[in-house]
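Student: Here is a sequence with its predicted model. Questions after.
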Amino acid sequence: MESLGDLLKRTPIGGEAIRRSAELMDELLADPLIQRFRAKHPELDENTIRINLNRFYQYVKEYRNCEQCPGLARCPNDFEGHYTMLQCETNGGAVQMYDRKVSCKKFIARQNEEQIRSRIRSFYIDEKALNNGGYSAEEIMTNDLNRIEAVGQLMEYIDRTKEQGLQTTGLYLAGRFGTGKTFLMCYLLHELAKIGHSGVIVYMPDFVEDLKAMMHEPGKLKETVDMMKETDLLIFDDIGAENLSPWVRDHVMGGILNYRMERKPTFYTSNYELDALEQHFSFTNKDGDERHKGERIMERIRSYVDVIRVTGANKRKR
């Protein structure tokens, strides 16, 4: 941003320069912002003001920029998301001026949002869904009145966790395609990340395919599984849509869910009701019908979730 000195350098030399400099000084000192500052600090003498004119100019210029903020990406101030604040102190009878850079509200909000997002890991999830932190509870409630009951149950869970701490049971969101189940889970993640909880959300069809490749990378597989065991909030998105193998079902998912039982909540979104999901887990392309194994993993799901049925219009249809 141009300083007062740079502005004066562009003024023609000679008497015109002196006249223009005096005009700029008078305009600056007449600014209501400077007048308020001087009223707050009557100890400021004319000499101190003249010595620190560039500080006053910077202060006024950046304050006015902030009043007409074009957004962080186009911030015209010297330091993006910051503005100049002035301080006046008297030391040993001498009045001294200081300036410092202060973060604006938009910059602080962005920092907070980045800190929240740093607690959330996602695998194969559309970033648009994860960036829904700007929505209010009221907006989500009224977005589709057909799912208002489901949203109310989700909000109750969020409030309960904020009041009582991390729960041992999670939620199972069941409903047709496009009713916003993933969106609601991302909202839950975002809200609980605000109070310090970590979270992982996994799109199951793609994740299962990657797990098969990880069989040949034991280090990466262990790191991924351990992360899902330890995270505060784990979401399996679109469970039931994956091409299941006995190894994924029994060793990977079974191990993760067995570890999290009674420790941390696990969440699910699915087009299946729980009974239909059990049928899905009871059959694999490799081993055919294995009802007892389907029942075993469903016991680790069914006993640790509250079921929420999400109704409403398909948001993906145009």
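Tutor: Now that the structure is in, tell me what you want to look at. What you are looking at is a predicted structure, and each value in this text was computed from that prediction instead of being measured.
Student: What is the neighbour count of the residue nearest to Glu278 when sequence neighbours are not counted?
Tutor: Spatially, and ignoring its direct neighbours in sequence, Glu278 is nearest to Met298 (4.4 Å; Cβ to Cβ, 6 or more residues apart in numbering). All C-beta spots, glycine's among them, are computed from the backbone N, C-alpha and C. Other residues near Met298 come to 19 when the count uses other Cβ atoms under 10 Å.
Student: CA atoms of the strand or helix carrying Met298 as CSV?
Tutor: Assigned by DSSP states H and E, Met298 falls within helix 291-302. This file holds the C-alpha atoms of helix 291-302, laid out as CSV (Å, rounded to 0.1, in the frame of the first residue of the first chain):
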residue,chain,number,x,y,z
ARG,A,291,-24.7,-65.6,7.7
HIS,A,292,-22.9,-65.9,11.0
LYS,A,293,-20.1,-63.6,9.9
GLY,A,294,-22.7,-61.0,8.8
GLU,A,295,-24.4,-61.3,12.1
ARG,A,296,-21.1,-60.9,14.0
ILE,A,297,-20.1,-57.6,12.3
MET,A,298,-23.7,-56.3,12.5
GLU,A,299,-23.7,-56.9,16.2
ARG,A,300,-20.8,-54.4,16.4
ILE,A,301,-22.8,-51.9,14.4
ARG,A,302,-26.4,-52.4,15.6
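Student: Would you mark the buried spots in the helix or strand following that helix?
Tutor: For helix 291-302, the succeeding helix or strand toward the C-terminus, using DSSP H and E, is strand 305-310. Neighbour-count burial for strand 305-310, counted by 16 or more other Cβ atoms under 10 Å, picks out 305, 308, 310.
Student: surely the last one meets Lys181?
Tutor: Yes: taking contacts as Cβ atoms under 8 Å, Val310 lies within contact range of Lys181: 5.2 Å.
Student: before we move on, the earlier item: tabulate the buried residues of strand 305-310 (TSV), appending pLDDT and distance to Arg291.
Tutor: Listed next are these as TSV, based on pLDDT from 0 to 100; distance: Cβ to Cβ, whole Å:
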residue	pLDDT	distance to Arg291
Val305	97	21
Ile308	96	27
Val310	94	28
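Student: Point out the other elements, helices or strands, that whichever strand or helix holds Lys106 touches.
Tutor: Per DSSP H and E: Lys106 is located in helix 105-118. Where contact means 3 or more Cβ pairs under 8 Å, 6 or more residues apart in numbering; DSSP states H and E, helix 105-118 is packed against helix 181-193.
Student: Summarise which helices and strands the helix it packs on is packed against.
Tutor: helix 105-118, strand 120-123, helix 127-130, helix 148-164, strand 170-175, strand 199-203, strand 233-237, strand 266-270.
Student: where along the stretch 1-150 of the chain do the helices fall?
Tutor: Assigned by DSSP state H, counting those that start in this stretch, the stretch 1-150 of the chain shows helices spanning 4-9, 15-30, 32-40, 46-51, 53-67, 105-118, 127-130, 137-143, 148-164.
Student: would a markdown table of those with mean pLDDT and distance to Leu234 be doable?
Tutor: Listed next are these as a markdown table, based on pLDDT from 0 to 100; distance: least, Cβ to Cβ, whole Å:
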| stretch | mean pLDDT | distance to Leu234 |
| --- | --- | --- |
| helix 4-9 | 57 | 56 |
| helix 15-30 | 75 | 58 |
| helix 32-40 | 91 | 52 |
| helix 46-51 | 84 | 61 |
| helix 53-67 | 91 | 41 |
| helix 105-118 | 81 | 17 |
| helix 127-130 | 68 | 15 |
| helix 137-143 | 77 | 22 |
| helix 148-164 | 95 | 14 |
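Student: hey, which of those helices is tucked in deepest?
Tutor: Sort the helices of the stretch 1-150 of the chain by mean neighbour count, taking mean count of other Cβ atoms under 10 Å, and helix 53-67 sits at the top with a mean of 18.
Student: send the alpha carbons of the host helix or strand of Thr224 over as CSV?
Tutor: Using DSSP H and E, Thr224 sits in helix 218-230. What follows is helix 218-230, C-alpha atoms only, in CSV (Å, rounded to 0.1, in the frame of the first residue of the first chain):
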residue,chain,number,x,y,z
PRO,A,218,1.5,-53.4,5.2
GLY,A,219,2.9,-50.2,6.7
LYS,A,220,0.4,-47.9,4.9
LEU,A,221,-2.4,-50.3,5.8
LYS,A,222,-1.5,-50.3,9.5
GLU,A,223,-1.3,-46.5,9.6
THR,A,224,-4.7,-46.2,7.9
VAL,A,225,-6.4,-48.7,10.2
ASP,A,226,-4.8,-47.2,13.3
MET,A,227,-6.0,-43.8,12.4
MET,A,228,-9.5,-45.0,12.0
LYS,A,229,-9.3,-46.8,15.3
GLU,A,230,-8.0,-43.8,17.2
